[in-house]
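1. Everything below, folded, please.
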Amino acid sequence: MTRPVLDIAREALEIEIQGIRKVSSSLDSNFELVVDLLYSLRGRIIVTGVGKSGIIGRKIAATFTSTGSPAIFVHPVEGLHGDVGIVGRDDALIAISNSGETTEITSLAATVRKWGTRIVGMTGNMSSTLARMSEMTLDCRVDKEACPLNMAPTASTTATLALGDALAVALMVRRGFKREDFLRSHPAGSLGERLRLKVSDMMLESASVPRVFPNSKISEIVESINGKNLGLTMVISGDTLQGIITDGDLRRALANGSDLFKEEAQNLMTRNPLSIKASRTAAEALEIMESKLITALSVIDQDGKWLGIIHLHDLLGKGRVPFAS
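-> Reported below is the predicted structural model:
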């Protein structure tokens, strides 16, 4: 009998979670030494791996670079056929191999080690050739793969990627890498530029925001929400913001057994909605939305007066403020 798909999926995810936990519990002073090495490096971080490990290596290198630690990925086969010339004695090579016996990886590591390049191994086999030839080794062992045959790299690659992220985050903190630095290194496609803007530059002003009154009924509320395609309406009394109603609020009220046709807006709204000052950056607005799992923020001035809203659509270029082409 075929097992339920959701059971299979949850089991796979649990195995991968356990793999990350095992790598976390295996962290020791070697991790600190690797961070010290990469922080003080005069050259670049070179990441290498083949197959699935190579794909993970490319992601790790990209994360290093975007968070203040210059890195490049070198494929070991191409490296052994000329690209190794890009590696210098002031660089460090992070070599990824679950078995630690991948010939292309160990050959590349042996070649650059002769030049004085520092070698950091990331492997699931701490007694392997790669582990023995590395100056420092990070343990990526997992108990088993999520693959039911225990063959396809799944939990092991996830754990290795997570360990690479941990290295990048530790280096970010060590370097004092800030939001402004991140935006400076992500200028393309206008998302970086967009996130530098002030909330006041991107907000939907109060006069254009969908609104209802505290005693408005469900027909008015639904019409207001649908009218602007923002998934929300504000509840206003005079010029004062009383609350917010989202389409999610209506669904939850219905699920809780409320008779929506008898309810007024003031009974359905979320009072004191999350807000942000107009002088703050769009990046800060996005950070709040992501952390709170919401799509809009109320915008206020320095004195707390309501000015309008800023919506996720506009931050991502899908609303009234489009991306530049």
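2. Any stretches of the chain with poor pLDDT?
-> Regions of the chain meeting the criterion pLDDT under 70 cover residues 1, 83, 179-194, 317-325.
3. ok, the residue nearest to Asp91 when sequence neighbours are not counted - contacts?
-> Excluding the flanking residues, the one nearest Asp91 by C-beta to C-beta, 6 or more residues apart in numbering is Gly43, at 3.8 Å. In short, each C-beta sits where N, CA and C put it, glycine included. Counting by C-beta atoms under 8 Å, 6 or more residues apart in numbering, Gly43 makes contact with 88-92.
4. So Gly43 versus Ile236, what's the distance?
-> Using C-beta to C-beta, to the nearest Å, we find Gly43 at a distance of 59 Å from Ile236.
5. Same question for Gly257.
-> The gap separating Gly257 from Ile236 is 28 Å, by C-beta to C-beta.
6. what does His75 give?
-> 59 Å.
7. all strands for the stretch 101-250 of the chain, in order.
-> Taking DSSP state E, counting those that start in this stretch to define them, one finds strands in the stretch 101-250 of the chain at 118-123, 136-139, 204-205, 211-212, 232-237, 240-246.
8. most neighbours per residue, which of the ones you listed?
-> strand 118-123 (a mean of 26; mean count of other C-beta atoms under 10 Å).
9. Which neighbouring elements make contact with that one?
-> Under the contact criterion of 3 or more C-beta pairs under 8 Å, 6 or more residues apart in numbering; DSSP states H and E, strand 118-123 touches helix 29-40, strand 92-96, helix 103-113, helix 129-133, strand 136-139, helix 155-175.
10. mind redoing it with 6 Å?
-> The criterion is 3 or more C-beta pairs under 6 Å, 6 or more residues apart in numbering; DSSP states H and E, and the helices and strands that strand 118-123 contacts are strand 92-96, helix 129-133, strand 136-139.
11. now what about the second one, what contacts it?
-> Residues lying outside helix 129-133 but in contact with it, judged by C-beta atoms under 6 Å, 6 or more residues apart in numbering, are 95, 97, 100-101, 106, 109, 121, 123, 137.
12. now with 10 Å?
-> Counting contacts by C-beta atoms under 10 Å, 6 or more residues apart in numbering, the residues outside helix 129-133 that touch it are 95-103, 105-106, 109-110, 113, 119, 121-126, 137-139.
13. Buried residues in it, which are they?
-> Using 16 or more other C-beta atoms under 10 Å as the burial criterion, the residues of helix 129-133 that qualify are 129-131, 133.
14. quick one: that helix to chain centroid distance?
-> 32 Å (C-alpha atoms, centre = their mean, to the nearest Å).
15. same thing with the first one?
-> Offset of strand 92-96 from its chain centre (C-alpha atoms, centre = their mean): 23 Å.
16. Okay, angle between that strand and helix 29-40 too, please.
-> Calculated by axes from the mean of the first three to the mean of the last three C-alpha atoms, to 10 degrees, strand 92-96 forms an angle of 140 degrees with helix 29-40.
17. Strand 92-96 vs helix 155-175, what angle?
-> For strand 92-96 and helix 155-175, the angle between their directions (the same axes, to 10 degrees) works out to 160 degrees.
18. OK, contacts around Ser128?
-> With contact taken as C-beta under 10 Å, 6+ apart, Ser128 is in contact with 97-102, 106, 121, 134, 137.
19. Any chance of those residues in CSV with distance to Thr63 as columns?
-> Putting the contacts of Ser128 into CSV (distance: C-beta to C-beta, whole Å) gives the following:
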residue, distance to Thr63
Ser97, 19
Asn98, 19
Ser99, 24
Gly100, 23
Glu101, 26
Thr102, 22
Thr106, 25
Gly121, 19
Ser134, 21
Thr137, 20
